[in-house]
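> I would like to see how this sequence folds:
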Amino acid sequence: MSQRYARHDDRRVVVTGLGVVSPYGRGCAAYWHGLSQGHCILQPLTLFPTEGFRSAIGGQVSASITRTLGKAHRSRATRFLLAAAEEAVSHAGLGAAELAAAAVSIGGAGGGMLEAEAWYWARYYQQQDKRLLVALPAMTPASQTAALACQLHLGGPRESPILACSSSAAAIATMADLIETGVVEVGLAGGVDTLTRLCFMGFNALKLLDTQPCRPFARDRRGMSLGEGAAVLVLESWRHAAARGAPIHACVAGCGISSDAFHPTAPPTDAEGAVRAMREALARAQLTPADVAYVNAHGTGTVQNDGAEAVALEAVFGAGKVLVSATKSLIGHTMGAAGALEAVATILALEAELLPPTANLHEPDPTVLFDCIPHRARPCSLHCAMSNSFGFGGQNVSLIMLHPDAVG
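Next up, the predicted model:
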């Protein structure tokens, strides 16, 4: 992008902190190392039994990492989220005064369902364990938001968007709106989800899981792979960040949200809702499609979703006019956390000038008219990138991130 970002007002939204827990481990450094190396970490699950299922693989956070994530009596999801938030706040250099006025918006879908399942099976087999009762209140996704607010003493507005796979992307978009409109100066936004029996069984029953690591945009793609993790971004108004000398990783230049209003699981073939979300994000950023060099695609690996996303990308950018990759091919579909994890991946790609690859893409689908960066990361000097999240029920969110050098 030759020009600087069109907006110069003090309320534009910048990212000053990033935190991640992923199947690669704890922290942004481990996450980016895995992505940039194209390391597909999808492997047999050990978190719960998978015998008899069509697929038995996923992107699981290892037990050795989980043991380092705080108090064991908390739900797996809560521990993931608090660890990611701790890293993001530390990177941003936020103090108690900033946190006391900060808002929080955390998207999710499964909440602490894994622990609720353990409680259920203990009751079913008449093996009462009072230690499991403490996990029940963590079953709803909002409980992770509440735990984070209490842990960090966040006194601003609190939200828990639930938009299926677009939940955490929506959390970032809603936080950006709170900052742009002057409701708050600082907010924490992101998402968390863990692997659960219910989710894994459901997608197996729908025959949407690939028996092999997922292959987004491949001719022979057969479905998705599931994963887990958490990501938190610290967002601030440019004025607030500049005044305290905070590090700026990126600018959240524009957000678009739309609904297909079409079908509970399938996207429309014309991908009209996804097109509207991307165009709204561009309009709010005051950018054109030509300004966007890279798209971190929703890219699940299912036949219908990848096809519809390719149609949407062609409608917005033109065939072959933007580089595309799908990081779900590396860590799996992390459900409610996917939007935030992919937003972080997009920001890290901007900073490193290196685009993460699409793994397992041996024979691209000839109807997908884009370079999907197969196998290996690709150096690329870029200032502007988009991250897409298109959830079940046609819940579409597009985010546009700018390199700090492009922020006027």
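> ok, longest helix in this structure?
helix 76-92 (DSSP state H).
> residues of it that come out buried?
For helix 76-92, the buried set under the neighbour-count rule, 16 or more other Cβ atoms under 10 Å, comprises 76-89, 91-92. All C-beta atoms are positioned from the backbone trio N, CA, C, and that covers glycine.
> now swap in stretch 311-329 and tell me
Residues 311-317, 322-329 are the ones in stretch 311-329 that count as buried (16+ other Cβ under 10 Å).
> re earlier: the longest helix of the chain - contacts with which helices or strands?
With contacts taken as 3 or more Cβ pairs under 8 Å, 6 or more residues apart in numbering; DSSP states H and E, helix 76-92 sits against strand 13-22, helix 113-124, helix 141-152, strand 186-193, strand 229-237.
> looking at those, which is nearest to residue 304?
Evaluated with Cβ to Cβ, the helices and strands packed on helix 76-92 place strand 186-193 nearest to residue 304, the distance being 21.8 Å.
> CA atoms only: put that closest one into PDB for me.
This file holds the C-alpha atoms of strand 186-193, laid out as PDB (Å, rounded to 0.1, in the frame of the first residue of the first chain):
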ATOM      1  CA  VAL A 186      -8.600   0.300  26.600                       C
ATOM      2  CA  GLY A 187     -10.100  -3.200  26.200                       C
ATOM      3  CA  LEU A 188      -9.100  -6.800  26.100                       C
ATOM      4  CA  ALA A 189     -10.700  -8.800  23.300                       C
ATOM      5  CA  GLY A 190     -10.300 -12.400  22.100                       C
ATOM      6  CA  GLY A 191     -11.600 -15.900  22.600                       C
ATOM      7  CA  VAL A 192     -11.100 -19.400  23.900                       C
ATOM      8  CA  ASP A 193     -12.300 -22.900  23.200                       C
END
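> any idea how far it is from the middle of the chain?
The chain centre lies 10 Å from the centre of strand 186-193; the measure is Cα atoms, centre = their mean, to the nearest Å.
> same check, this time on stretch 396-408
For stretch 396-408, the distance to the chain centre is 15 Å (Cα atoms, centre = their mean).
> stretch 265-284 too?
That offset, for stretch 265-284, works out to 18 Å (Cα atoms, centre = their mean).
> can you check stretch 139-149 too?
Put simply, stretch 139-149 sits 17 Å off its chain's centre (Cα atoms, centre = their mean).
> contact partners of that stretch?
74-75, 77-78, 81-82, 85, 104-113, 115-116, 137-138, 154, 158-160, 162, 167, 188, 192, 336 (Cβ atoms under 8 Å, 6 or more residues apart in numbering).
> give me the buried subset of the residues you listed.
Among the contacts of stretch 139-149, those buried by neighbour count (16+ other Cβ under 10 Å) are 74-75, 77-78, 81-82, 85, 104-113, 115-116, 138, 154, 159-160, 162, 167, 188, 192, 336.
> correct me, but residue 207 touches residue 54?
Yes. Look at residue 207 against residue 54 with Cβ atoms under 8 Å: they come within range, at 6.5 Å.
> the two: who's more crowded?
Neighbour totals were compared for residue 207 and residue 54, and residue 54 leads with 15 against 11 (other Cβ atoms under 10 Å).
> OK, contacts around that one?
Counting by Cβ under 8 Å, 6+ apart, residue 54 touches 204, 207, 209, 211.
> grab the nearest non-local neighbour of residue 320.
Of all residues not flanking residue 320 in the chain, residue 369 sits nearest, at 5.5 Å (Cβ to Cβ, 6 or more residues apart in numbering).
> likewise for residue 50?
Nearest non-adjacent residue to residue 50 (Cβ to Cβ, 6+ apart): residue 56, at 3.9 Å.
> contacting residues for the one you found?
44-45, 50.
> so how far is residue 212 from it?
11 Å (Cβ to Cβ, to the nearest Å).
> please state the offset of the longest helix of the chain from the chain centre?
14 Å.
> so how far is residue 264 from residue 389?
From residue 389 to residue 264 the distance is 17 Å (Cβ to Cβ).
> for those two, indicate the residue with more neighbours.
residue 389 (33 against 8).
> list the beta-bridge partners for the more buried one.
Residues in a beta bridge with residue 389, per DSSP bridges, are residue 397.
> my read: it touches residue 300, true?
No. With contacts counted by Cβ under 8 Å, residue 389 stays clear of residue 300, the gap being 10.5 Å.
> what is in contact with those two at once?
Here residue 389 and residue 300 share the contacting residues residue 165, scored by Cβ under 8 Å, 6+ apart.
> what comes up buried for the least confident helix or strand in the chain by mean pLDDT?
Ranking every helix and strand in the chain by mean pLDDT, DSSP states H and E puts helix 113-124 at the bottom, with a mean of 86. For helix 113-124, the neighbour count (16+ other Cβ under 10 Å) marks 113-119 as buried.
> now do stretch 249-259
For stretch 249-259, the neighbour count (16+ other Cβ under 10 Å) marks 249-258 as buried.
> looking at the residues you listed, which is nearest residue 23?
Nearest to residue 23 among those is residue 249, at 22.3 Å by Cβ to Cβ.
> from residue 229, how far out is the closest one?
Distance from residue 249 to residue 229, counting by Cβ to Cβ: 19 Å.
> what mean pLDDT does stretch 399-408 get?
Mean per-residue pLDDT for stretch 399-408: 86.
> any low-confidence regions in this structure?
Within the chain, the segments meeting pLDDT under 70 span 1-8, 130-135, 407-408.
> any idea where the helices of it begin and end?
28-36, 63-66, 76-92, 96-100, 113-124, 141-152, 167-180, 197-205, 238-243, 272-285, 303-317, 328-331, 338-352.
> out of the ones you listed, which one sits most buried?
Burial of these is given as mean neighbour count (mean count of other Cβ atoms under 10 Å); helix 328-331 ranks first at a mean of 31.
> counting by contacts, list what that helix packs against.
With contacts taken as 3+ Cβ pairs under 8 Å, 6+ apart, helix 328-331 sits against helix 28-36.
> what angle sits between the helix it packs on and helix 338-352?
Going by axes from the mean of the first three to the mean of the last three Cα atoms, to 10 degrees, helix 28-36 is angled at 90 degrees with respect to helix 338-352.
> outside of helix 28-36 itself, list whatever touches it.
Contacts of helix 28-36 (Cβ under 8 Å, 6+ apart): 18-20, 22-25, 39, 41, 87, 91, 327, 330-331, 341, 344-345, 348, 352, 354, 356, 377.
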